[in-house]
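>>> based on what follows, work out the 3D shape:
(2 chains)
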Amino acid sequence: MRRSLSGRLLLTLISAQIGAIMLAMLAFPLLAPFETFNDIADTTFRAHVVAALKALPNGQLVVEPAPLLQHYMARRPGAAFAVYDLANAQLVAGSDPLLGSWLSQLRGFYPKDDGNLTSARPDGRPGTLLVTAEASPYGELVIATVGNQFHAEDIPSVMLTFLPAILPIYGPVILGALVILPVIVILITRPLRRLAATAARISPSVPGVRLPEHGLAPELKALAQSLNAALGRIEEGFKKQRLYAANAAHELRMPIAILAMHLEDLPDSPPKHRLEFDLARVAALVDQLVAVARLGQQAAPMNEEIDLVSMARNVIADRAPIAMRNGRDIALEADQPELKILGNAAALTSAVANVLDNAIRAEPRAGTVLVRLSGNGRLDIVDHGAGIAAEDLPMIFEPFWRKSGSGDGTGLGLAIVREITERHGIKLAVENTSGGGATFRFDFQQRVLC
Amino acid sequence: MQMRILVVEDDVRLGGALQGRIEHAGFVVDVVASCAEAYAAAASVDFALIVLDRRLPDGDGLDQVKTFRLLRPGIRIIILTALDKTDDKIKGLDAGADDYLTKPFHADELLARIRAALRRPGAALQPPVRCGNVSYFPDSRDFTVDDTSVRLKRREHLILEALMLRARRVVQREAFMEAIYGFEDEVQSNALDAQISRLRARLAEVGASVQIRPVRGVGYMLSELHAA
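Numbering: from 1, shown residues only, chains lettered A, B, ... in the order given. Predicted coordinates for the structure are as follows:
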């Protein structure tokens, strides 16, 4: 997943800040009171020397040849050190003799409070002599070093040396960056989030929603304007397509009606009944297409008063003759004489009809499809066929889905049913009928007229 | 004499299909495809009823309604149209049509409306409705089984009448209630089922080859016995 724009902006800005500060920090030592960069290693050297200190039983100090110290000096051939013990006012054993005698002459005159004193080397060779006062577990010491060389292992020393000096200056800057930058980024991206919230409401069923263009920065305003123009064009095309679908579906009705009439003229026979049954399905599907296409037009009334009981009766009465000729019965069980709901009558009727058609097709011969209507606006259509496999359940409302291995149906019916129910805010659920088969459940509760 | 019906429809296939269906119901049918032909036909033949399409190549069928009425004062007119807006229906009925049917329609519905239009006073004789070996004569409201007249009790008669007029289609309980009991008295809901079972017994007794099948919770349907 890609990081958010704000996140990237923040990350870039903060890394840039920290990078700049680091550079400044690195530059700082270079401008510090050293003659050469090599002298930075002095800190490491002194740490090794202090670590190698040891107190003798008589209270005198001695620098022992500790491995780290030896290693340091071995890598720097010209290196030498001397330690002067202020408490005992004497040179510590293990100090370089020449450096030691130089340091001893210095008695009473040494840098205080971590200060450094630099001088030319007493032996006349090139390089710097560094003198530093240092508090150690063994008391106040003055340490002199020469022949320092900077190696990779001295980097921590650089940090330790300069961080205390730099942090008070750059710390607040870093802290400020961490707090102020996010606030700025959030403020700058607020219009973007507002655009996103508006865009989330854009849908074919809610035409006319546009992104707000006022109060935007010029860059965003240009984006919003061109998106709005694109939306307008898409909506126009969508409208045309709807109209085309509505007209096409409507035109299909007549040939279907003619076909039905020709069919009725044929003598009664099982193939004729099957043809009638299939043709009735096609007719129902075309009706649905017309109904859905009309729903898409803004004029479609969504608050017609519909009596669910008589709607169910009419749908069943329409289908019963063909179903009965094909050996299936349909029954209605309603627990009250009428139940008024609000919605688009044509669309809801065709939705219920489509599910009923499916149920009739699924019902085994000599079976009865049950349409059950209960007072709280629940309409169940129950068949006793093969049911719906669990793996098919999430798919059945997708356009052009068909039960694998079944050659019939257009695969559009249930997708249209779902579109109709969604537009009405009606819940539609499928479960298996106990004892086999499928039960489709329309929940009209939201639309029941009290 | 059989009644003649004129179908004015420019869609040749629909016209042909309508002719077949209406003739099947016992009428004589002529089909023409334009206002001009319809006028010529109506001027020479005494049609009992005209089925008139609105969109015709030489004009709106609706404009011809007045002409037909002048030509044949007692004629019945049923308008067919693909325009299913309520405004259009009102306009059609105001123009003097007896009924209005929106395309596409079920052929049975058209036949039912033809019969209804012809039932009104002043109409000529109507052909019988048949189902199996049972015939119903709308004008005399008599039944025959294999051409033998059958007499039924009043309520059984009304039930069979409702069933025959919508043979092979479902007649809803409410329709029975209105036809049989009117609006006068409170009716027990199982009274209808009792009447139906008496009617079944009576039909079996006279050897009628029809059956009355229940559609539970909805109504009943009359069909030929052999159609399973």
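>>> so B:Gly15 makes contact with B:Glu9?
Yes. Between B:Gly15 and B:Glu9 there is a contact under Cβ atoms under 8 Å: 4.1 Å. Heads up, the C-betas are built off the backbone N, CA and C, glycines and all.
>>> after the longest helix along chain B, next one along is what?
Assignment by DSSP state H gives helix B:189-205 as the longest helix of chain B. Using DSSP states H and E, the helix or strand that follows helix B:189-205 towards the C-terminus is strand B:210-215.
>>> between that following strand and helix B:189-205, how many degrees?
Strand B:210-215 and helix B:189-205 meet at an angle of 160 degrees, taking axes from the mean of the first three to the mean of the last three Cα atoms, to 10 degrees as the criterion.
>>> strand partners (parallel or antiparallel) of the helix or strand just after strand B:210-215?
Sequence-wise, the next helix or strand downstream of strand B:210-215 (DSSP H and E) is strand B:219-224. With DSSP bridges as the test, strand B:219-224 is paired with strand B:170-172 (antiparallel), strand B:210-215 (antiparallel).
>>> sorry, back to before: so for the longest helix of chain B, what gets flagged as buried?
For helix B:189-205, the neighbour count (16 or more other Cβ atoms under 10 Å in any protein chain shown) marks B:Leu192, B:Gln195, B:Ile196, B:Leu199, B:Arg200, B:Arg202, B:Leu203 as buried.
>>> what does chain A put close to chain B?
Proximity of chain A to chain B is confined to A:250, A:253-258, A:260-262, A:264-265, A:268, A:283, A:313-314, A:316-318, A:320-321, A:324-325, A:327, A:329-334, A:368, A:371 under the rule Cβ under 8 Å from any Cβ of the partner chain.
>>> A:Ile396: what's its closest spatial neighbour, skipping adjacent residues?
A:Leu414 (5.5 Å; Cβ to Cβ, 6 or more residues apart in numbering or on different chains).
>>> quick one: the helices in chain B?
For chain B, the helices defined by DSSP H cover B:12-24, B:35-44, B:65-71, B:86-94, B:107-119, B:154-165, B:173-181, B:189-205.
>>> which of those helices has the lowest mean pLDDT?
Ranked by mean pLDDT, the helices of chain B bottom out at helix B:86-94, which scores a mean of 69.
>>> so of the strands paired with strand B:219-224, which one's packed in deepest?
Ranked by mean neighbour count, these are led by strand B:170-172 with a mean of 23 (mean count of other Cβ atoms under 10 Å in any protein chain shown).
>>> run the chain-centre distance for it.
Centroid separation for strand B:170-172 versus its chain: 15 Å, with Cα atoms, centre = their mean, to the nearest Å.
>>> got it, and stretch A:233-253?
Its chain's average C-alpha position is 37 Å from that of stretch A:233-253, according to Cα atoms, centre = their mean.
>>> go through that stretch and flag the buried ones.
Those would be A:Glu235, A:Arg242, A:Ala245, A:Ala246, A:Ala249, A:His250, A:Leu252, A:Arg253, for stretch A:233-253 by 16+ other Cβ under 10 Å.
>>> now for those: which two are most distant?
Using Cβ to Cβ, the two most remote members of these are A:Glu235 and A:Arg253, lying 27.6 Å apart.
>>> what residues does chain B put near chain A?
B:11, B:13-14, B:17-18, B:20-21, B:24, B:82, B:103-107, B:168-170, B:172, B:213, B:215-219, B:221, B:223-224, B:226-228.
>>> now a PyMOL select for only the buried ones of the residues you listed.
This is how PyMOL selects the buried members of the residues of chain B next to chain A, with burial counted by 16+ other Cβ under 10 Å:
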select buried, chain B and resi 11+14+17+18+21+103+104+105+106+107+168+169+170+172+215+217+218+219+221+223+224
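>>> quick one: residues contacting the residue nearest to the spatial centre of chain B.
In chain B, the C-alpha nearest the mean C-alpha coordinate belongs to B:Ala112, at 1.9 Å (Cα atoms, centre = their mean). B:Ala112 sits next to B:Leu165, B:Arg166 when contact means Cβ atoms under 8 Å, 6 or more residues apart in numbering or on different chains.
>>> again with A:Met324
So A:Met324 contacts B:Arg213, B:Val215, B:Met221, B:Ser223 (Cβ under 8 Å, 6+ apart).
>>> was I right about the third one contacting B:Ala162?
This points to B:Met221. No. Using Cβ under 8 Å, B:Met221 makes no contact with B:Ala162, being 11.2 Å away.
>>> what's the mean pLDDT across the helix or strand hosting A:Asn354?
In the assignment (DSSP H and E), A:Asn354 maps to helix A:345-362. Averaged over helix A:345-362, pLDDT sits at 89.
>>> name the residues of that helix that are buried.
Result for helix A:345-362 [16+ other Cβ under 10 Å]: buried residues A:345-362.
>>> thinking again about what came up before, can you add distance to A:Val49 and give the buried residues of helix B:189-205 back as a markdown table?
Output for these, formatted as a markdown table (distance: Cβ to Cβ, whole Å):
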| residue | distance to A:Val49 |
| --- | --- |
| B:Leu192 | 117 |
| B:Gln195 | 123 |
| B:Ile196 | 119 |
| B:Leu199 | 124 |
| B:Arg200 | 122 |
| B:Arg202 | 129 |
| B:Leu203 | 126 |
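>>> which of those lies closest to chain A?
Of all these, B:Leu192 has the smallest distance to chain A: 14.5 Å, by Cβ to the nearest Cβ.
>>> grab the nearest non-local neighbour of that closest one.
Nearest one to B:Leu192, counting by Cβ to Cβ, 6+ apart, is B:Phe176 at 5.6 Å.
>>> residues in contact with the one you found?
B:Ile159, B:Ala162, B:Leu192, B:Gly219, B:Tyr220.
>>> so which strand or helix has A:Ala177?
Secondary structure from DSSP H and E places A:Ala177 in helix A:155-199.
>>> roughly how far is that helix from the heart of the chain?
Here helix A:155-199 is found 23 Å from its chain centre; the criterion is Cα atoms, centre = their mean.
>>> same for that helix, what does it pack against?
Packing partners of helix A:155-199 (3 or more Cβ pairs under 8 Å, 6 or more residues apart in numbering or on different chains; DSSP states H and E): helix A:5-31, helix A:42-51, helix A:218-265.
>>> okay if I get the ones you listed as CSV plus distance to A:Val309 and mean pLDDT?
Compiled in CSV, the helices and strands packed on helix A:155-199 are given as follows (distance: least, Cβ to Cβ, whole Å; pLDDT from 0 to 100):
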stretch, distance to A:Val309, mean pLDDT
helix A:5-31, 56, 76
helix A:42-51, 94, 84
helix A:218-265, 27, 83
